[in-house]
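> Show me the folded form of this:
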Amino acid sequence: MRKILFLAILALLISPAYSQIKFEKGSFSDVLEKAKSENKVVMVDVLTDWCKWCIELDNKVYANPVVADFANTNQVNYKIDAEKGEGVDFAKKYNVKGFPTVLFINSNGEEIDRIVGYIPVKDFSEMMMDYNKGINTYPYLKELLAKEPNNIEANLKLADKEMSMGELDNAKSRLNKIIETDPNNSNGKTDDAKYKLAALSDEKTIVNNLESFIKENPGSDILKDAYVSLSESYAYTLKDKEKAEQYYKKTLELYPDYEYARLSYGQYLNGIAVGLADKKDALEDDFKQGLVLIDQALPYLIGSVNEASSYYIQSKLLFNLKQYEPAKESIDKAIKIFDRKLYRDHKEKVEKQLSSR
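Residues are numbered from 1 along each chain as shown. Okay, the predicted model is just below:
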């Protein structure tokens, strides 16, 4: 029975649905030719070798069986490094400014649409499938809204695209239109629009606007994002550590399993710890405090590429305390998760100290 169960599991694991996305080799022109001959869309993952969210995309999105199966069946998939070879000109041609950026391109080399940054599996899958069908793309939504200017769903989707493209004034106009069109939130999107507007506020008003949204929309399904945004605003915009800690703790108390909140808090703790590691005229107690913060951060980051950042910072702090053996163990853990030059350079520095003893 155990052998049969083992073989059944093995069959699942090696089936195409459980494999990673297959990315083509060669030049981009070769990929376009293949797409033309197969009448398929091209998905281009534009990355760099220092982009940690590109690794997260590989580990958590491309490895998903639904995403991988659809991509391998319906698309020609390709990766290109924006800082190497033809990737430099490619990034300029398609105006790629952040990483990862995933472009969907037809066989003539014309952009259909793009996904900017890391997004969760469900959202990525829906957008990928839509773009293959030619729906919910930027031009599709513009055309739809020319005919149906009060279409709430289309306005919200286009506002999201405009925000990712930096067209903030256009996005704000669309969000306000949703609120005017459906003030009673009968469509269930007005609260989304209100939250997004609050999150787009300037540094003088963002905290008050987010707090007002939370108070006025206690039943909103987007409330958890508002709490995270409020925590981050106190942390990074106002640099109020006391308030940031207060709201992060409240957020995690209300939504203990919300991955976005956990990652945000872990990264926040990492940021304070690395500040202590790099602090000028730091004392031994600063480095020890930094190690405590890393211990607090790690449980929130396990399984994410950001875990590597924790181990790297931990190694720097241990190095500053002249604890070279533990520092090497920590940097080795970081490299195992994310093999990048910054980490390898630090490891070389640690090993140099060990060899000189």
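
> could you measure Ala282 against Lys316, distance?
Distance, Ala282 to Lys316, using C-beta to C-beta, to the nearest Å: 11 Å. The C-beta positions use only the backbone N, C-alpha and C, and glycine is treated the same way.

> ok, the two, which is more surrounded?
It is Lys316, of Ala282 and Lys316, that has more neighbours when counted by other C-beta atoms under 10 Å, with 24 against 16.

> Can you get me a residue count around the residue nearest to that one when sequence neighbours are not counted?
Once flanking residues are discounted, Lys316 sits nearest to Ala277: 4.3 Å by C-beta to C-beta, 6 or more residues apart in numbering. Neighbours of Ala277 under the rule other C-beta under 10 Å: 22.

> ditto for Lys352
Considering only other C-beta under 10 Å, Lys352 is surrounded by 10 other residues.

> I'd like the mean pLDDT over stretch 295-311, please.
Here stretch 295-311 scores 97 as its mean pLDDT.

> Endpoints of that stretch, how far apart?
10 Å (C-alpha to C-alpha, to the nearest Å).

> what distance separates it from the centre of its chain?
Taking C-alpha atoms, centre = their mean, to the nearest Å, the mean C-alpha location of stretch 295-311 is offset from the chain mean by 15 Å.

> what's the answer for stretch 247-261, then?
The chain centroid and the centroid of stretch 247-261 are separated by 18 Å under C-alpha atoms, centre = their mean.

> isn't the residue nearest to Lys316 right up against Ser315?
No. At 9.2 Å, Ala277 and Ser315 do not qualify as touching, with contact defined as C-beta atoms under 8 Å.

> outside of stretch 269-283, which residues touch it?
The contact list for stretch 269-283, computed with C-beta atoms under 8 Å, 6 or more residues apart in numbering, reads 241, 286-287, 289-291, 293-294, 296-297, 300-301, 306, 309-310, 313-314, 316-317, 320.

> Cross those residues against strands and list the overlap.
With DSSP state E as the criterion, strands contain none of these.

> I only care about those that end up buried; give me the ChimeraX line for that.
Typed into ChimeraX, the line below selects the buried ones among the contacts of stretch 269-283, using 16 or more other C-beta atoms under 10 Å:
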select :286,287,290,291,293,294,296,297,300,301,306,309,310,313,314,316,317,320
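
> Name the SS class of Val42, please.
strand (DSSP: H, G, I helix; E, B strand; the rest coil).

> what do you get for the one 4 residues further on?
The local conformation at Val46, judged by three-state DSSP, is strand.

> Around it, how many other residues sit close by?
Counted with other C-beta under 10 Å, Val46 comes out at 24.

> Kindly provide the distance from the spatially closest residue to Gln296 that is not a sequence neighbour to Arg262.
Excluding the flanking residues, the one nearest Gln296 by C-beta to C-beta, 6+ apart is Leu269, at 5.5 Å. In this structure, Leu269 and Arg262 are 11 Å apart, going by C-beta to C-beta.

> Least confident secondary structure element in this structure?
When the helices and strands of the chain are scored by mean pLDDT, DSSP states H and E, helix 2-14 comes last with a mean of 37.

> so after that one, what's the next helix or strand?
For helix 2-14, the succeeding helix or strand toward the C-terminus, using DSSP states H and E, is strand 23-24.
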